[in-house]
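Visitor: Starting from these lines, generate the structure:
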Amino acid sequence: MGTKQFSTETAQKLAEKLQMPMEYIAETPPEVMLEKISQLEEKEQNLMATIDKRKEK
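Guide: Below you'll find the predicted structure:
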């Protein structure tokens, strides 16, 4: 059973967003990449929450 890989376009977007080489994206198992995406999303949500709190002051 093979693992699904990301399309070239998706890998390019992930490489840019995660600030990683595209080769790393291509060689990394999708489940690991999904974890990294989840971590990035959590960081962005925390940042937005912090910005919102500062706006309320």
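
Visitor: contacts, neighbours, all on C-alpha from now
Guide: Fine.

Visitor: Can you name the residues that contact the most centrally placed residue in the chain?
Guide: The residue lying closest to the centre of the chain (CA atoms, centre = their mean) is residue 37, at 3.0 Å. Contact analysis of residue 37 by CA atoms under 8 Å, 6 or more residues apart in numbering lists residue 18.

Visitor: For it, what is the enclosing helix or strand?
Guide: helix 30-56 (DSSP states H and E).

Visitor: Could you list the buried residues of that helix?
Guide: residue 33 (16 or more other CA atoms under 10 Å).

Visitor: Next, residue 14: phi, psi?
Guide: phi -60, psi -40 (degrees, to the nearest 10).

Visitor: Leaving out sequence neighbours, find the closest residue to it.
Guide: Distances taken as CA to CA, 6 or more residues apart in numbering put residue 25 closest to residue 14, at 7.4 Å, once the chain neighbours are dropped.

Visitor: From residue 43, how far off is that neighbour?
Guide: Computed as CA to CA, to the nearest Å, the residue 25 to residue 43 distance reads 20 Å.

Visitor: got it, and residue 53?
Guide: For residue 53, the distance to residue 43 - CA to CA - is 15 Å.

Visitor: again with residue 14
Guide: 15 Å.

Visitor: hmm, back to that, buried sites along the helix or strand where the residue nearest to residue 14 lies?
Guide: Using DSSP H and E, residue 25 sits within helix 22-27. Neighbour-count burial for helix 22-27, with 16+ other CA under 10 Å as criterion, is recorded at 22, 25-26.
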